[in-house]
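**Student:** Build me a model:
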Amino acid sequence: MIKYSLLRTCLRAIVFIFAIGFSFFVYAADNPSFDNISDADFKTIAKEFSSLFVHTSATPPTSLGKVFGVEAAVIGGVSAIPGIEAISKRQDPTIKMPYAPFAVLFAAVSVPYGITIETNLLPKIDVSSLNLQHTGIAAKWSITDLYWQNLPFDLAVKTYFSKSEIGFSQIVNNGSGNINVDVGFKNTMQGAEALFGWDFLVVQPYVGGGFVTSRSELNGTATVDPSFSLFVDNVSQSKKTSVSSARWIVGCQFNLTVLKASLEYNNVFGNNRLAAKLGFAF
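**Tutor:** Predicted coordinates for the structure are as follows:
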């Protein structure tokens, strides 16, 4: 009964922290502004939005328990998007968005044989002219839970898949006047990585590296001008592209009884990304 009450209190705290993080997400950054998008511009947009929503757990390679363990947390941070800012400034020089914030709910469960299943979730939201959603799932195998236990470090491998959508409205001049354009960006990603860490009980630093592939679609529609094109060819209503990247990770988790706090740096798709996690594990 005490454990159930503690878990319920922890979940309420996580939802409260997530609400604060979400508010920061909504109000901390301007919306992008896209028009006359070239293929090179689209590659840049795909890379930087992908770096924003790549699957994140901010967790060392160890499992949550030799037999069973669960974790619930909120993860938030910022990712550099200088290319999107430069593209947007061509339409609106007043835009300032060198980085974009992100926030997701995180949950994980560990079962025997060193297997941990993780999920990232940003429920569909629609605030003002911005709407977005994200779902990610990952499977981690903590190899040194079972084998090579005499190694001076912990070792794990992970694979993940995610799906994200971003939409926003913008004003564009089509030559005869200003019109409202609804922009949509859809993305799927999959990747794999290896993690190496050191368990000092209270502190667990770790590093990792892997590879990620992203597939994206960008579209723009204007109800009052169905012929409007977001792209430089003035014909296409939508375009698709694929980009790939190495991913480098450096992080550290602090274990304070059931409280888990982490900081993690990523370099992926050529962008710097910083994430922080706060949650509870049992």
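**Student:** what does the model give the nearest residue to Asn267 once chain neighbours are set aside for pLDDT?
**Tutor:** In this structure, Asn267 finds its nearest non-sequential neighbour in Trp248, 4.6 Å apart by CB to CB, 6 or more residues apart in numbering. Any C-beta I mention is one placed from the backbone N, CA and C, and that applies to glycine too. pLDDT recorded at Trp248 is 97.
**Student:** do the same with Tyr27
**Tutor:** Model confidence at Tyr27, given as pLDDT, is 48.
**Student:** What of the one 10 residues further on?
**Tutor:** As predicted, Ile37 sits at a pLDDT of 87.
**Student:** Ok, Gly177 next?
**Tutor:** 69.
**Student:** one step back: with just CA atoms, put the strand or helix carrying the residue nearest to Asn267 into CSV.
**Tutor:** Taking DSSP states H and E as the definition, Trp248 sits inside strand 238-256. In CSV, the C-alpha atoms belonging to strand 238-256 read as follows (Å, rounded to 0.1, in the frame of the first residue of the first chain):
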residue,chain,number,x,y,z
SER,A,238,5.1,18.1,-50.8
LYS,A,239,8.5,16.5,-50.9
LYS,A,240,10.2,13.6,-49.1
THR,A,241,13.8,13.1,-48.2
SER,A,242,16.1,10.7,-46.2
VAL,A,243,19.1,11.7,-44.1
SER,A,244,21.5,9.6,-42.0
SER,A,245,24.0,10.5,-39.3
ALA,A,246,26.4,9.1,-36.7
ARG,A,247,25.3,9.8,-33.2
TRP,A,248,27.7,10.6,-30.3
ILE,A,249,26.5,10.6,-26.6
VAL,A,250,28.0,11.7,-23.3
GLY,A,251,25.9,11.6,-20.2
CYS,A,252,25.8,11.1,-16.4
GLN,A,253,23.0,9.9,-14.2
PHE,A,254,22.7,10.7,-10.5
ASN,A,255,20.9,8.1,-8.3
LEU,A,256,19.3,9.5,-5.2
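**Student:** Okay, strands next: where are they in the stretch 101-250 of the chain?
**Tutor:** Under the criterion DSSP state E, counting those that start in this stretch, strands of the stretch 101-250 of the chain are mapped to 115-127, 130-142, 154-173, 178-197, 203-221, 238-256.
**Student:** Out of these, which is closest to Val109?
**Tutor:** strand 115-127 (5.6 Å; CB to CB).
**Student:** How about residues contacting the closest one?
**Tutor:** With contacts defined as CB atoms under 8 Å, 6 or more residues apart in numbering, strand 115-127 is touched by 22, 26, 55-57, 59, 63-64, 75, 103-111, 131-142, 160, 162.
**Student:** Please check those residues and keep the buried ones.
**Tutor:** Buried by 16 or more other CB atoms under 10 Å: 22, 55-57, 59, 63-64, 75, 103-110, 131-132, 134-136, 138, 140-142, 160, 162, out of the contacts of strand 115-127.
**Student:** So what's the gap between the strand holding Trp248 and the chain middle?
**Tutor:** In terms of CA atoms, centre = their mean, to the nearest Å, the centre of strand 238-256 is found 8 Å from the chain centre.
**Student:** Kindly report the same for stretch 124-141.
**Tutor:** In this view, stretch 124-141 has its centroid 8 Å away from the chain centroid, taken as CA atoms, centre = their mean.
**Student:** send the alpha carbons of that stretch over as PDB?
**Tutor:** Output in PDB follows, covering the C-alpha atoms of stretch 124-141 (Å, rounded to 0.1, in the frame of the first residue of the first chain):
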ATOM      1  CA  LYS A 124      -0.800  15.300 -29.600                       C
ATOM      2  CA  ILE A 125      -1.100  18.900 -28.700                       C
ATOM      3  CA  ASP A 126      -2.500  21.900 -30.500                       C
ATOM      4  CA  VAL A 127      -1.800  25.400 -29.100                       C
ATOM      5  CA  SER A 128      -2.300  28.600 -31.100                       C
ATOM      6  CA  SER A 129      -0.700  27.900 -34.500                       C
ATOM      7  CA  LEU A 130       1.500  25.100 -33.400                       C
ATOM      8  CA  ASN A 131       0.700  21.400 -33.200                       C
ATOM      9  CA  LEU A 132       3.000  18.400 -32.700                       C
ATOM     10  CA  GLN A 133       3.200  14.900 -31.400                       C
ATOM     11  CA  HIS A 134       5.900  12.300 -30.900                       C
ATOM     12  CA  THR A 135       6.100   8.600 -30.100                       C
ATOM     13  CA  GLY A 136       9.300   6.500 -29.800                       C
ATOM     14  CA  ILE A 137      10.100   3.000 -28.600                       C
ATOM     15  CA  ALA A 138      13.400   1.400 -27.900                       C
ATOM     16  CA  ALA A 139      14.800  -2.000 -26.800                       C
ATOM     17  CA  LYS A 140      18.100  -2.100 -24.800                       C
ATOM     18  CA  TRP A 141      20.100  -5.200 -23.900                       C
END
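**Student:** With that, I have no additional questions.
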